[in-house]
Structures are given as structure tokens and as C-alpha cells.
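# predicted coordinates and the sequence they were generated for:
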Amino acid sequence: MKTTKPRAPAMHATGGRGARGRILRAAGQLFYERGIHATGVAALVEAAHVSTRTFYQQFGSKSALVEEYLRQFDADGALESERQLR
């Protein structure tokens, strides 16, 4: 009878489960650090630990991701807090 060692738990989630949220979180961080235009899909999928295919299944394009990111940014009230700083 052959026994196998149990695998160590992954350090971070990968694949499709929770991928949309991970992509959005990675986008928030990278867009802040690098800017929207300077952040490519390759950097986003690496930071979110998803495949390029998963990225395009969740968001049809980088533009679609940016639209969703900005919608959430606005919904979180970040734009209102920026207005208060003026």
C-alpha cells in the first residue's frame, strides 16, 4: 500500500474561487502604486494569483476591470472623502 504525504496548505488562494475579489484587490494596489495605464494584465494576474484565462473570464478586458474598480471606488465613498480635502 502506497502512502502519500499530505500537501502543505497553500500560502495564498489560486484559481477561480474568489478570483474576482483577488483581481480587484490586486488592481487597487497596483493602480495606486503604478497607475492605471502603467499596470498591465500580466502584472494583475501575477499579483492576483490567477491565470490570464481566469482574468478574462471574470472581466472581458482591462477596461471592464477599470470600470468595475472605479464603480467600487465611488461606491465606497472614496471620491466624496477626496472632495472634503479640497
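Looks like it came in fine.
# element containing residue 27, please.
helix 19-34 (DSSP states H and E).
# following that helix, which helix or strand shows up next?
Downstream of helix 19-34, the next assigned helix or strand under DSSP H and E is helix 41-48.
# who's in contact with that next one?
Here helix 41-48 makes contact (CB atoms under 8 Å, 6 or more residues apart in numbering) with 19, 22-23, 25-27, 29-30, 34, 51-52, 54-55, 62, 65. Heads up, the C-betas are built off the backbone N, CA and C, glycines and all.
# beyond it, next helix or strand please.
Using DSSP H and E, the helix or strand that follows helix 41-48 in sequence is helix 52-58.
# now that next one: buried residues?
54, 55, 56, 58 (16 or more other CB atoms under 10 Å).
# residue 19 is in contact with the first one, correct?
Yes: assessed by CB atoms under 8 Å, residue 54 is found in contact with residue 19 at 5.0 Å.
# contacts for the helix holding residue 27 next, please.
13, 39, 43-45, 47-50, 54-55, 58-59, 65-66, 68-69, 72-73.
# how far off helix 41-48 does that helix point, in degrees?
110 degrees (axes from the mean of the first three to the mean of the last three CA atoms, to 10 degrees).
# for helix 19-34, buried residues please.
Quick answer for helix 19-34 (16+ other CB under 10 Å): 19, 20, 22, 23, 24, 26, 27, 30, 31.
# check stretch 35-47 too.
Result for stretch 35-47 [16+ other CB under 10 Å]: buried residues 39, 44, 45, 47.
# tell me which two of those sit farthest apart.
39 and 45 (11.1 Å; CB to CB).
# okay then, goodbye and thanks.
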